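J.: Next input, structure requested:
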Amino acid sequence: MRNSQTGLHSARILLFAMIGTVITYQTVAFAQNRSASVMEKLDKDQDGKISRKEWRKKNIFAEVDLDKDGSISLNELKQRFGETEESNNEDRPDPVSMAAIRRSKLDDVIHQKSRGLFETGLKPIWRDDVICRGIDEWYGKDYTPVRPKESYHGGIDLPAPFGTPVLAIMDGEVIALYEGKKNPRGIEVVLRHTPEESGLPFYLYSRYTHFDSMPKLIKGQQIKMGEVIGETGNTGVQGCELKGIPCKRPRRSVTHYDILYSISEKYYDTGNILVPFEAHWMDPIALYRKQPPFDSHSMRALPEVEKMIAISYKLDSGEYYPADTKMIWPYSCRKK
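T.: Predicted coordinates:
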């Protein structure tokens, strides 16, 4: 009986391996044809290049036009989609990381999911004697019904009045500042946290968006946990604006907060977004478990009772809870 079960288990492993191989082959084959397909579709005058007028997503045109000649060539498309040796060299993350984190209109959502961008069901809880700012848009929320393509929320939204101080969640370094004038994320700050700073076995990247104004920070600046890094706002282009139609109402004042992680210390700055090498998404609430696992698959599989995560925080009086914590919520809490 045991031999029979062992044989069945081995057969299942072989079957899953074969399925994985087929999927990988199909994905690679699709990627190899993607740049040519985009060129054929967008090059309306058939001159072998895509002009700014022909390019659909105007806000990333400059990013794709690597040689800045005012048009996009087939080679530039290949580099965009990770189809050339140059795009796979040591100066650029692997194509899956690029597609998963960049999330441009042309990137496949399958890569986002493969790197952990899907709903986990985690919920934050605090001590009964404090009041803290909560979430109104959760991690991995499915936006597909209101978007032109399959789409998921890559972080959590914490609404707060304009000007509310946003705090660094742990010690780290400022590695990117974006004005985001033509970007839905608006004004953005990216901090990197080393394993020594977090106490965890990988590099963490905390990203905060929609600031009211550009924070008075500089790249390379060292930040301490609990330090104010900016003020809550609502900057960022809304979907209705991108479509060229009037918006019914402005975005609420909010901080969008997300976490990326990687075993690599390297990262790539496109000028509009930062992509760590070997990047993965993390539900920000998972971070406050303070012990592995942190990946989205493991978080989704937790029993419901274990999905209620106790959050460490800073009080508006300056105290930390717990006192020895290495990470806190992006907003301060207050005693009842």
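
J.: could you pull out the strands for the stretch 201-336 of the chain?
T.: 203-209, 222-223, 228-231, 254-262, 267-269, 274-276, 280-282, 308-310, 313-314, 320-321, 334-335 (DSSP state E, counting those that start in this stretch).

J.: how does this structure divide up, domain by domain?
T.: 2-89, 123-335 (automatic domain parsing).

J.: Need the winner for burial among the ones you listed.
T.: domain 123-335 (a mean of 17; mean count of other Cβ atoms under 10 Å). Where C-beta positions appear, they are placed from N, C-alpha and C, glycine not excepted.

J.: tell me how far the ends of that domain are from each other?
T.: 21 Å (Cα to Cα, to the nearest Å).

J.: Would you single out the least confident of the domains of the chain?
T.: Among the domains of the chain, domain 2-89 has the lowest mean pLDDT, at a mean of 65.

J.: Go through the domains of the chain and name the closest to H111.
T.: Closest to H111 of the domains of the chain is domain 2-89 (Cβ to Cβ; 8.6 Å).

J.: one step back: and of the strands of the stretch 201-336 of the chain, who's closest to E150?
T.: strand 280-282 (15.4 Å).

J.: Where do the helices of the stretch 201-336 of the chain begin and end?
T.: 239-242, 284-287, 296-301 (DSSP state H, counting those that start in this stretch).

J.: Equivalent analysis for the stretch 51-200 of the chain, please.
T.: Using DSSP H, counting those that start in this stretch, helices in the stretch 51-200 of the chain cover 61-64, 74-80, 95-102, 109-114, 195-198.

J.: Let me know which of the ones you listed is the nearest to T270.
T.: If we rank the helices of the stretch 51-200 of the chain by Cβ to Cβ, the stretch that ends up nearest is helix 61-64, at 5.6 Å.

J.: For that closest one, which helices and strands make contact with it?
T.: Counting contacts by 3 or more Cβ pairs under 8 Å, 6 or more residues apart in numbering; DSSP states H and E, helix 61-64 is packed against helix 74-80.

J.: for the helix it packs on, the distance to its chain's centre please.
T.: 23 Å (Cα atoms, centre = their mean, to the nearest Å).

J.: quick one on the thing from earlier: for the helices of the stretch 51-200 of the chain, give me CSV that also has distance to G220.
T.: Output for those, formatted as CSV (distance: least, Cβ to Cβ, whole Å):
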stretch, distance to G220
helix 61-64, 23
helix 74-80, 28
helix 95-102, 22
helix 109-114, 30
helix 195-198, 15
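
J.: So which of those is nearest M214?
T.: Comparing the helices of the stretch 51-200 of the chain by Cβ to Cβ, helix 61-64 comes nearest, at 19.8 Å.
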